[in-house]
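1. For reference, the sequence and a predicted model appear below.
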Amino acid sequence: MRIEWLGHACFLLEAEGLKIITDPYQPGSYGGAVGYSDINVSADIVTVSHQHFDHNYIEPFPEAEVVDKEGVFKVKGIEIEGILTFHDETQGSQRGKNLVFIFNLEGLKIAHLGDLGCIPQDLKKLDNLDVVLIPVGGTFTLDAQLATRLIELIKPKITIPMHFKTEKLGFDIEGVDKFIEGKSNVERLDVSSIEVKKEEIPSFNKIIVLKPSR
């Protein structure tokens, strides 16, 4: 399975002959604050965690099946579960609801946390994760401290941070350095993608920082 970070909360997951795009952003939205370039990738499936312009730009994917609801879905032969969470620490009163998506691909369990803004009360659905894609920038999502606490609780084999400040993102949020500070199991790669194989992952306990490809 191949995981490519396109930018912000948007990833391309390639597995089982399918292309899945998570939380596609609209380039130039929010007055140009979203400076990542066009995604320019075809997709079979698109997931949307919530209806903000930096997460729900599905127009470039007219042929894709869109999953943007809570529940368990079988989409093009793949099981995807949308789990209702919140965009803030006050039950959504500030920024609304958020969907966490669980994908079962190539024998691996992957979670995309969207704009999760709090540690969920029920963590059972996040047990035994092989890969978690987690926001760490704070302000609108989990910050470095809460994101660290969450991965300590759920113990994923691979953690890939997202939704943090980069040179292409003008939001007033933290960069990734605060999240990885003091952690010994960090690999900061000069690439935008990794390949993950079921037979190799049992011994992993890594935080992998990717470069955005867009």
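-> Looks like it arrived, so ask away. Residues are numbered from 1 along each chain as shown.
2. who touches the closest residue to Asn128 other than its chain neighbours in this structure?
-> Using CB to CB, 6 or more residues apart in numbering and skipping the chain neighbours, the partner closest in space to Asn128 is Lys109 (6.1 Å). (Each C-beta comes from the backbone N, C-alpha and C, glycine too.) Contacts of Lys109 were listed using CB atoms under 8 Å, 6 or more residues apart in numbering, and they are 102-103, 128-131.
3. Hmm, Val191 is touching Pro212, no?
-> No - in this structure, Val191 sits apart from Pro212 without contact. The criterion is CB atoms under 8 Å, and the distance is 10.8 Å.
4. any idea whether the closest residue in space to Lys74 that isn't next to it in sequence is helix, strand or coil?
-> In space, Lys74 comes closest to Ile80 once its chain neighbours are excluded; the distance is 8.0 Å by CB to CB, 6+ apart. In the three-state summary, Ile80 is assigned as strand, counting by DSSP: H, G, I helix; E, B strand; the rest coil.
5. Distance of Ile80 relative to Pro62?
-> Per CB to CB, to the nearest Å, Ile80 is found 20 Å from Pro62.
6. quick one: Asn104 is in a strand?
-> Yes - going by three-state DSSP, the assignment for Asn104 places it inside a strand.
7. Surely the residue nearest to Asn128 forms part of a strand?
-> Yes - assigned with three-state DSSP, Lys109 falls within a strand.
8. How many residues are close by the residue nearest to Lys165 when sequence neighbours are not counted?
-> For Lys165, the nearest residue in space outside its immediate sequence neighbours is Gly175; the separation is 4.3 Å by CB to CB, 6+ apart. By the measure other CB atoms under 10 Å, the count of residues near Gly175 is 16.
9. Ok, the one 4 residues further on next?
-> A count of neighbours around Phe179, defined by other CB under 10 Å, yields 27.
10. cool, and the one 5 residues further on?
-> Ser184 has 6 neighbouring residues, counting by other CB under 10 Å.
11. my read is it is in a helix, agree?
-> No - Ser184 is assigned coil when assessed by three-state DSSP, not a helix.
12. which ones are touching Leu12?
-> 2-4, 6, 19-21, 41, 43, 193.
13. contact partners of the lowest-mean-pLDDT helix or strand in the chain?
-> Every helix and strand in the chain was compared by mean pLDDT, DSSP states H and E; the lowest is strand 78-86, with a mean of 91. Taking contacts as CB under 8 Å, 6+ apart, the residues outside strand 78-86 that touch it are 16, 18, 20, 45, 47, 67-74, 92, 95-105, 113-114, 116-118, 120, 125.
14. Please identify the buried residues of it?
-> 78, 80-83, 85-86 (16 or more other CB atoms under 10 Å).
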